[in-house]
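> here are the coordinates; sequence isn't available:
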DNA sequence: AAATAAAAGTGTATTTTTTACACCTAATTA
DNA sequence: TAATTAGGTGTAAAAAATACACTTTTATTT
């Protein structure tokens, strides 16, 4: 977005919590703000909705304009409405989140941002406004939703190993899982297909690579899902 | 609310879908609008948020001012953002729903409404704006949530029978359930307590009355719930 | 007062799902 | 080539979900 407020609705903004997963750690994408308030500070990618723009469209546009991430499916998860959460005036912000594969995207910046960077979830800088709370709430939603939607998969590269997938689940849910039961459950869904190749980056015994079965994936995404662990 | 727009945020409104359950039928509470636009037409209770008011507070206030229902817990379920959903200007509306026991409340009206009345879900009048869509979405959320939250219970009177409770579930979920399995599952939760009394209104063999166990109810409400049927 | 009609109430056997659990295998590195 | 490390695999027991039919209680009708 531009920092000119003429064409936007001044009371409603969008903030994006973009999760990535790399080296077995969850990360969040932050931007360095080039505009006031909180100029020069790291914060969530965000901006205002244009007067005749749908929320979904605005969310995608704002994410692209601030971080360069294009065509990312964002999901709204909560409205933040504290009266003084934004210093200049009353602004409601619509919290959105998305899951992406960090290595697949090149970050860039726009008029409102001077830098975009991944931060590990447990190494976040000090954040302005209520952005820390927004991240925490997003994390909670992610934790809840991963149990009944196949979203974990959007965080992994095209080809991945089962230990990778399991670690992702363990990181999000926050507990260790049984290897055999995890695989059993996964296999019953026909969601993944084993490939002939093995993981080349491994320094020990390499794991087989898998890929998602697109058909099953789309079907599960539509009809819901049950992946209690 | 008052129809004076000075103290409110003009771009964000709240609309309330209030569900009731009577005679085995789901009902929705509508109000006759006393103000433009859509003056004299039945619509959802709704209004604008004040400049320094939290969403929850606004929702309760608006519901009270338009229908007389006081102290009802409302749950936000979706933002409606179509650009032309409201004829006068761009207004986002925050859809809320609640479940109430109709016989427990006396309806009244305020400055903006001239009447408030329960309508059966399949006998709704023509509604202005996107209010029909809002009701349909609320219904869908209700259907989804009843499976893992003890919300069905908020629609029933203090004392209720198991056939009543089962009918409620059947109406919301939209399919017949097995009586024995329904009861078995219910009993395992320790959520209801059998009373010595029987239902006096019955014209056939009367069913035993039950009451919710407050403790278990609060616990399940907090920790979630699994009531797949 | 007896017969009838209508809804309430109750239990078991089968299948499916979930859980707990330990050893062998393949590849790298010392 | 031996040692180390992570990957991979199956089964038995427990718990949960499902399918299913007859008896009981009460009000109403005859």
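In hand now; what should we look at? Here the structure is a predicted model, which is why all the values come from computation and not from measurement. Numbers count the residues shown, from 1 in each chain, chains lettered A, B, ... in the order given.
> where does the residue of chain A most remote from its centre land in three-state SS?
Distance to the chain centre peaks in chain A at residue A:205, reaching 30.8 Å (criterion: Cα atoms, centre = their mean). Secondary structure assignment for residue A:205 (DSSP: H, G, I helix; E, B strand; the rest coil): coil.
> In terms of pLDDT, where does it sit?
Confidence at residue A:205, expressed as pLDDT, is 90.
> Which residues of chain A lie near DNA strand D?
Counting by Cβ under 7 Å from any atom of the strand, chain A comes close to DNA strand D at A:161-163, A:179-181, A:183-184, A:202, A:204-208. Bear in mind the C-beta positions are built from the backbone N, C-alpha and C, glycine included.
> As CSV, the residues you listed with secondary structure and distance to DNA strand C would be great.
As requested, the residues of chain A next to DNA strand D are arranged in CSV below (DSSP: H, G, I helix; E, B strand; the rest coil; distance: Cβ to the nearest atom of the strand, whole Å):
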residue, secondary structure, distance to DNA strand C
A:161, strand, 13
A:162, helix, 13
A:163, helix, 13
A:179, helix, 6
A:180, helix, 4
A:181, helix, 4
A:183, helix, 9
A:184, helix, 6
A:202, coil, 6
A:204, coil, 6
A:205, coil, 3
A:206, coil, 5
A:207, coil, 10
A:208, strand, 9
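> Closest to chain B out of the residues you listed?
Sorting these by how near they are to chain B, with Cβ to the nearest Cβ, puts residue A:181 at the top with 18.7 Å.
> which non-adjacent residue is nearest residue A:59?
Residue nearest to residue A:59 in three dimensions, not counting chain neighbours: residue A:74, with 4.5 Å by Cβ to Cβ, 6 or more residues apart in numbering or on different chains.
> neighbours of the one you found, just the number please.
23 (other Cβ atoms under 10 Å in any protein chain shown).
> what bits of chain A have low per-residue confidence?
Confidence mapping of chain A against pLDDT under 70 gives the ranges A:1-5, A:223-224, A:229.
> ok, 80 please
Chain A contains residues with pLDDT under 80 at A:1-6, A:148-152, A:202, A:219-229.
> Flag every residue of it that's near chain B.
A:9, A:11-12, A:51-55, A:76, A:79, A:81-83, A:90, A:92, A:94 (Cβ under 8 Å from any Cβ of the partner chain).
> show me where chain A has strands.
In chain A, the strands defined using DSSP state E lie at A:8-22, A:25-33, A:42-43, A:46-50, A:75-80, A:92-100, A:113-120, A:160-161, A:192-198, A:208-212.
> which strands and helices sit next to the longest one?
Meaning strand A:8-22. Strand A:8-22 sits against strand A:25-33, strand A:46-50, helix A:55-67, strand A:92-100, helix A:131-145, strand B:8-22, with contacts defined as 3 or more Cβ pairs under 8 Å, 6 or more residues apart in numbering or on different chains; DSSP states H and E.
> 6 Å instead?
Packing contacts for strand A:8-22, counted by 3 or more Cβ pairs under 6 Å, 6 or more residues apart in numbering or on different chains; DSSP states H and E, involve strand A:46-50, helix A:55-67, strand A:92-100, helix A:131-145, strand B:8-22.
> One more: the fifth one?
Packing partners of strand A:75-80 (3+ Cβ pairs under 6 Å, 6+ apart): strand A:92-100.
> Tell me which strands the strand it packs on pairs with, and in which orientation.
Paired neighbours of strand A:92-100 in the sheet (DSSP bridges): strand A:8-22 (parallel), strand A:75-80 (antiparallel).
> TSV for these, including distance to residue B:130 and mean neighbour count?
As requested, the strands paired with strand A:92-100 are arranged in TSV below (distance: least, Cβ to Cβ, whole Å; neighbours: other Cβ atoms under 10 Å in any protein chain shown):
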stretch	distance to residue B:130	mean neighbour count
strand A:8-22	18	22
strand A:75-80	17	18
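> so which of the ones you listed comes closest to residue B:63?
strand A:75-80 (17.9 Å; Cβ to Cβ).
> Now the nearest residue to residue A:86 once chain neighbours are set aside: phi and psi?
In space, and not counting its chain neighbours, residue A:86 is closest to residue A:129: 6.0 Å by Cβ to Cβ, 6+ apart. Main-chain dihedrals, residue A:129, degrees, to the nearest 10: phi 50, psi -140.
> Could you report the neighbour count for residue A:129?
23.
> Quick check: it vs residue B:179, distance?
53 Å (Cβ to Cβ, to the nearest Å).
> coming back round to it: which residues touch the residue nearest to residue A:59?
A:59, A:96, A:98 (Cβ atoms under 6 Å, 6 or more residues apart in numbering or on different chains).
> burial measure for residue A:203, as a count.
Count around residue A:203 with other Cβ under 10 Å applied: 5.
> Also the one 3 residues further on?
Residues near residue A:206, counting by other Cβ under 10 Å, number 13.
> For it, grab phi and psi.
Taking degrees, to the nearest 10 as the convention, residue A:206 sits at phi -80, psi 150.
> Now it. Nearest residue, chain neighbours left out?
residue A:198 (4.1 Å).
> Which positions within stretch A:167-179 qualify as buried?
By neighbour count with 16 or more other Cβ atoms under 10 Å in any protein chain shown, stretch A:167-179 contains the buried residues A:167-169, A:171-173.
> The residues of chain A next to chain B: which ones sit near DNA strand C?
Of the residues of chain A next to chain B, not one also sits near DNA strand C (Cβ under 7 Å from any atom of the strand).
> from those residues, which is closest to residue A:22?
Distances from residue A:22 to the residues of chain A next to chain B, taken by Cβ to Cβ, are shortest for residue A:76, at 25.2 Å.
> Relative to residue B:192, how far out is the residue nearest to residue A:59?
Distance from residue A:74 to residue B:192, by Cβ to Cβ: 41 Å.
> What of residue A:68?
55 Å.
> Those two: who's more crowded?
Higher neighbour count among residue A:68 and residue B:192: residue B:192, with 19 against 16, using other Cβ under 10 Å.
> got the contact list for that one?
B:210, B:212.
> Out of the residues of chain A next to DNA strand D, which end up buried?
A:161-162.
> Alongside DNA strand C, which residues does chain A contribute?
So chain A meets DNA strand C at A:178-181, A:184-185, A:198, A:202-206, A:226, A:228-229 (Cβ under 7 Å from any atom of the strand).
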